[in-house]
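K.L.:
Quick one: sequence and predicted model below, then my questions.
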Amino acid sequence: MQIEIYDCTLREGEQAAEASFSQEDRVKLFEMLDDFGADYVELGWPVSQQVLESFALCMKIRKKAKIVAFGSTSIVENPGDDKNILSILASKADYACIFGKTWKEHVEKQLHITAEENLKRISNSVEFLRANGMKVFYDAEHFFDGYKDNKKYALETLMAAAKAGAERLILCDTNGGTLPEEVNEIVNETKKSLEEREIKTELGVHFHNDCGLALANSIVSLPYVKQIQGTINGTGERIGNLNFSEFLPVYIKKLARNHNVKLEKLKELNEAAYKLSGLEIPEIRPFIGDTAFAHKGGVHIDAHNKGASYQHEEPENFGNKRNILLTTLGGGAGVISAAEQFGYKLDKKNSDVQEKAARLFLELGEIERKGYRIAAIPAEQYLLIEKYFGNLKDFFEIESWKVETGKENGKETSKLYVRCNLNKIIKEENTAADGGPVDLIYKTIKKILAKDYPDAENLQLLDFHVSIARSKKEESIVRVLITFQNEEKFQTVGVDSNIIQSAIEAIEKGFRYYLNIKKSLS
């Protein structure tokens, strides 16, 4: 039985601390999830105008994914008087997914109604939506805790939803505290108990990750369920939810199950979900992280070079790639392997290679101490390798600069003076524009270079990210990572106590890398 993938990043993922989606972001991520092959994409609670409008926008562009509106069971006796229920109908989604109370403690303490009234609200809510032409999934909130507290009542809530017409009964570990052996037992027992009562409605599961067990709990549930709910990057309330970027590789590659998702687009989708929600991308991520198939230790690199793999899967399966980390821990094998990525064949026994590698290591050690963190950045590796083993050309050098930036009447403006040495000819520019200084610096440098190097006009700055390279309180060192694109995406890094200088260094290296690559191809 092929599992249904139900993604709720646009609702549950947005509940992560500091996460939020603009309307444009919401539609973009839906489009990517749809293209990826998610069976169901939940757009959120349609009670807000922005979320409600997103339904119509997403319906215009969707290919295959079923669109789901989320909400709760009615908080009043008559669902037709409940704004939440009516907003679900107004969304015109393909499905409604409504949650209701399973745990008696929450029925009494949060809803302040009787157990029987809760069953009636579950039934009435599902029946009302069905009567108005909407298919329904039912999320049994706190199911595992409720089941352990009162098995009989927990099952009654499921039967109320099923008999009213719910197409899936989703068992939720809302507190994220249930252990895999408990999950296996409870889901198995629940399925058998429902079948004994002639309830044939398929089950699903929705696991939170508070104990780091969402993946394990989802896997042990597979023999009993039709649907798995989660978020594409594991974000969600508190610690988060099941991470589909972990579950899907395990499900498809490790368990040899079938699904129509485009697994090779997983890395791109995962990172887009972080960026669109305004969250930083974690450095360590199984399957799709930059270091998931990276090799740092000299022994690992040497073994891999000799055909003894340190990889459990092929990284390309997930849109990733093998990466040799260029660090001082990699030894000679690390330098040779990094150089091979750029077409160099080096003999580590050669005295000239040894001497150049020794000088490279001195510079690399200094870079590491300053906090550049370039080990997994191919463009930065190239600049170092080419400097010591190739023919790196500087093309230009920024000799001095001055930036003025500010905001007046809500409008940001920037001014820039820059002096460049371009092939021993001094070029000076005074420019001003609306917006921030990084964009102005990038456009000005491109303008200067394009006169002598027309290819520079084609290089696009996609994104820049600012973080702390070395923490020293108010004297902290700033790291700026800039992403560029032409035929390929690549990144360069600048590090300095001055954030503008950090950005200038990264921009300078970005153009230098690009022009050297174009030179080598010509």
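P.N.:
The structure has been received and is ready for your questions.

K.L.:
those helices in the stretch 151-300 of the chain, which residues are they?
P.N.:
For the stretch 151-300 of the chain, the helices defined by DSSP state H, counting those that start in this stretch cover 151-164, 180-196, 214-221, 244-249, 266-277, 298-305.

K.L.:
want to try CSV for those, with distance to D394, mean neighbour count and mean pLDDT as columns?
P.N.:
All C-beta atoms are positioned from the backbone trio N, CA, C, and that covers glycine. Shown next, in CSV, are the helices of the stretch 151-300 of the chain (distance: least, C-beta to C-beta, whole Å; neighbours: other C-beta atoms under 10 Å; pLDDT from 0 to 100):
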stretch, distance to D394, mean neighbour count, mean pLDDT
helix 151-164, 68, 20, 97
helix 180-196, 57, 16, 98
helix 214-221, 48, 23, 98
helix 244-249, 40, 24, 97
helix 266-277, 32, 21, 94
helix 298-305, 30, 17, 49
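
K.L.:
Let me have those helices in a markdown table, adding distance to P378 as columns.
P.N.:
Converted to a markdown table, those look like this (distance: least, C-beta to C-beta, whole Å):
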| stretch | distance to P378 |
| --- | --- |
| helix 151-164 | 52 |
| helix 180-196 | 39 |
| helix 214-221 | 30 |
| helix 244-249 | 22 |
| helix 266-277 | 15 |
| helix 298-305 | 16 |
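
K.L.:
wait, which of the ones you listed is closest to A450?
P.N.:
helix 266-277 (28.6 Å; C-beta to C-beta).

K.L.:
mind checking how far that closest one is from the chain centre?
P.N.:
3 Å (C-alpha atoms, centre = their mean, to the nearest Å).

K.L.:
Okay, now the unreliable bits of the stretch 351-500 of the chain?
P.N.:
473-475 (pLDDT under 70).

K.L.:
if you set the cut-off to 80 instead, what comes out?
P.N.:
471-476 (pLDDT under 80).

K.L.:
Show me where it has its strands.
P.N.:
396-408, 411-422, 425-434, 460-470, 477-485, 489-496 (DSSP state E, counting those that start in this stretch).

K.L.:
Give me the domain ranges for this structure.
P.N.:
4-277, 294-372, 396-521 (automatic domain parsing).

K.L.:
With distance to R285 as extra columns, can I get the ones you listed in JSON lines?
P.N.:
Below are the domains of the chain laid out as JSON lines (distance: least, C-beta to C-beta, whole Å):
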{"stretch": "domain 4-277", "distance to R285": "7"}
{"stretch": "domain 294-372", "distance to R285": "10"}
{"stretch": "domain 396-521", "distance to R285": "16"}
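
K.L.:
ok so, going back, to E14, which of the strands of the stretch 351-500 of the chain lies closest?
P.N.:
So among those, strand 460-470 is nearest, using C-beta to C-beta, at 20.7 Å.

K.L.:
The closest one pairs with which strands?
P.N.:
strand 477-485 (antiparallel) (DSSP bridges).

K.L.:
and for the strand it pairs with, what are the contacting residues?
P.N.:
370-373, 459-470, 489-499, 502-503, 505-507, 510, 514 (C-beta atoms under 8 Å, 6 or more residues apart in numbering).

K.L.:
Select only the buried ones of those in ChimeraX?
P.N.:
In ChimeraX, a selection of the buried entries from these looks like this (16 or more other C-beta atoms under 10 Å):
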select :371,372,373,459,461,464,469,490,491,492,493,494,495,496,502,503,505,506,507,510,514
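
K.L.:
just to revisit the earlier point, so which of the domains of the chain is the most surrounded?
P.N.:
domain 4-277 (a mean of 20; mean count of other C-beta atoms under 10 Å).

K.L.:
okay, how far is it across that one, tip to tip?
P.N.:
Counting by C-alpha to C-alpha, to the nearest Å, you get 24 Å between the two ends of domain 4-277.

K.L.:
Which of the helices of the stretch 151-300 of the chain sits closest to I122?
P.N.:
helix 151-164 (4.5 Å).

K.L.:
Now find how far off-centre stretch 507-522 is within its chain.
P.N.:
Using C-alpha atoms, centre = their mean, the offset of stretch 507-522 from its chain centre is 29 Å.

K.L.:
Please save the CA atoms from that stretch in PDB.
P.N.:
Taking Å, rounded to 0.1, in the frame of the first residue of the first chain, the C-alpha atoms of stretch 507-522 are listed here in PDB:
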ATOM      1  CA  ILE A 507      31.200  40.400  -3.700                       C
ATOM      2  CA  GLU A 508      34.800  40.900  -4.800                       C
ATOM      3  CA  LYS A 509      35.500  37.100  -4.500                       C
ATOM      4  CA  GLY A 510      32.200  36.300  -6.300                       C
ATOM      5  CA  PHE A 511      33.100  38.300  -9.400                       C
ATOM      6  CA  ARG A 512      36.700  37.000  -9.200                       C
ATOM      7  CA  TYR A 513      35.600  33.400  -9.100                       C
ATOM      8  CA  TYR A 514      33.100  33.900 -11.900                       C
ATOM      9  CA  LEU A 515      35.600  35.600 -14.200                       C
ATOM     10  CA  ASN A 516      38.300  33.000 -13.500                       C
ATOM     11  CA  ILE A 517      35.800  30.200 -14.400                       C
ATOM     12  CA  LYS A 518      34.900  32.000 -17.600                       C
ATOM     13  CA  LYS A 519      38.600  32.400 -18.400                       C
ATOM     14  CA  SER A 520      39.300  28.700 -17.900                       C
ATOM     15  CA  LEU A 521      36.400  27.800 -20.200                       C
ATOM     16  CA  SER A 522      37.400  30.100 -23.000                       C
END
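
K.L.:
contacts for that stretch?
P.N.:
379-380, 382-383, 386, 392-398, 438, 441-442, 445-446, 449, 453, 455-456, 459, 461, 482, 484, 486, 490, 492-494.

K.L.:
How about Y453: what's its closest non-neighbour residue?
P.N.:
Closest residue to Y453 apart from its sequence neighbours, by C-beta to C-beta, 6 or more residues apart in numbering: L515 at 5.8 Å.

K.L.:
orientation of the strand or helix carrying the one you found relative to strand 411-422 in degrees?
P.N.:
Per DSSP states H and E: L515 is located in helix 499-521. With axes from the mean of the first three to the mean of the last three C-alpha atoms, to 10 degrees defining the directions, helix 499-521 sits at 50 degrees from strand 411-422.

K.L.:
Relative to the whole chain's centre, how far out is helix 499-521?
P.N.:
For helix 499-521, the distance to the chain centre is 27 Å (C-alpha atoms, centre = their mean).

K.L.:
Over to stretch 387-394?
P.N.:
Counting by C-alpha atoms, centre = their mean, stretch 387-394 comes out at 35 Å from the chain centroid.

K.L.:
Same question for stretch 445-458.
P.N.:
Counting by C-alpha atoms, centre = their mean, stretch 445-458 comes out at 33 Å from the chain centroid.

K.L.:
End to end on that stretch, go ahead and measure it.
P.N.:
13 Å.

K.L.:
Run through the stretch 201-350 of the chain and note the low-pLDDT ranges.
P.N.:
In the stretch 201-350 of the chain, residues with pLDDT under 80: 283, 289-315, 319-334, 336-337.

K.L.:
Would you list the phi and psi of T178?
P.N.:
Main-chain dihedrals, T178, degrees, to the nearest 10: phi -90, psi 140.

K.L.:
For the closest residue to it other than its chain neighbours, which three-state class applies?
P.N.:
Among residues not flanking T178 along the chain, F144 sits closest, at 4.3 Å (C-beta to C-beta, 6+ apart). F144 falls in the helix class when you classify it by DSSP: H, G, I helix; E, B strand; the rest coil.

K.L.:
From V205, how far off is F144?
P.N.:
Shown here: F144 relative to V205, a distance of 10 Å by C-beta to C-beta, to the nearest Å.

K.L.:
what does A375 give?
P.N.:
38 Å.

K.L.:
Also L266?
P.N.:
21 Å.

K.L.:
how close does I499 get to V261?
P.N.:
Relative to V261, and taking C-beta to C-beta, I499 is found at 40 Å.
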